[in-house]
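[1] Got a sequence here, can you model it:
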Amino acid sequence: MKLRIDWLSSSERWAYIIDLYRLFPRAVLIGYGALVAKIANWFMHLPTPSTEQAAFVTLVCGFFVPLTNWYMQNGVDWEKRRAGTTSTTTATATTTTIAAEPPKQGGPT
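    Sure thing, here's the model as predicted:
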């Protein structure tokens with residue numbers, strides 16, 4: 001497979017290659033998977049696990065699903081970058097001032 005990265009600057013080429021192979025997210029995911037395996041192994045070998053230990057293991061193991069989801073959905077859309085379009089989100093706020101009517105002078109007629 002030949003990569004067509006002629007349109008990128010030299011610094012962007014490294015970013016493209018790292019993003020293409022997803023080096024950092026894969027390293028984080030592999031490291032976190034090893035941590036989850038080690039914590040699960042530690043928990044299973046406890047003679048009488050406490051509630052706090054069970055909560056800790058649940059928290060650490062439960063975070064694995066959102067981390068995996070983040071890994072699968074992240075990345076740079078290099079085709080948009082090549083086209084020169086960037087997606088920017090702008091927020092605008094409007095303020096409306098409502099003036100109250102001044103009280104009428106005088107009493108009822």
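
[2] what is the mean pLDDT for the lengthiest helix in the chain?
    If you go by DSSP state H, the chain has its longest helix at helix 23-44. For helix 23-44, mean pLDDT rounds to 89.

[3] Buried residues in that helix, which are they?
    By 16 or more other C-beta atoms under 10 Å, the buried positions in helix 23-44 come out as 25, 29, 32, 36, 39, 43. Placement of C-beta: from N, CA and C, glycine included.

[4] any idea which of those is closest to residue 67?
    Nearest to residue 67 among the buried residues of helix 23-44: residue 32, at 6.0 Å, using C-beta to C-beta.

[5] pretty sure the closest one is touching residue 65, no?
    No - judged on C-beta atoms under 8 Å, residue 32 makes no contact with residue 65 at a distance of 11.2 Å.

[6] Reformat the buried residues of helix 23-44 into CSV and put distance to residue 49 next to each item.
    Formatted as CSV, the buried residues of helix 23-44 follow (distance: C-beta to C-beta, whole Å):
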residue, distance to residue 49
25, 32
29, 27
32, 22
36, 16
39, 12
43, 6
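
[7] Max pairwise distance over the residues you listed: which two?
    Using C-beta to C-beta, those reach their maximum pairwise distance at 25 and 43, which is 26.4 Å.

[8] How about residue 25, nearest residue that isn't a chain neighbour?
    residue 71 (4.7 Å; C-beta to C-beta, 6 or more residues apart in numbering).

[9] which residues are contacting the helix or strand harbouring the one you found?
    Assessed by DSSP states H and E, residue 71 sits inside helix 64-73. If you take C-beta atoms under 8 Å, 6 or more residues apart in numbering as the criterion, helix 64-73 is touched by 22, 25, 26, 28, 29, 32, 33, 36.

[10] Pipe these into JSON lines and attach distance to residue 52 per row.
    Formatted as JSON lines, those follow (distance: C-beta to C-beta, whole Å):
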{"residue": "22", "distance to residue 52": "36"}
{"residue": "25", "distance to residue 52": "31"}
{"residue": "26", "distance to residue 52": "32"}
{"residue": "28", "distance to residue 52": "27"}
{"residue": "29", "distance to residue 52": "27"}
{"residue": "32", "distance to residue 52": "22"}
{"residue": "33", "distance to residue 52": "24"}
{"residue": "36", "distance to residue 52": "18"}
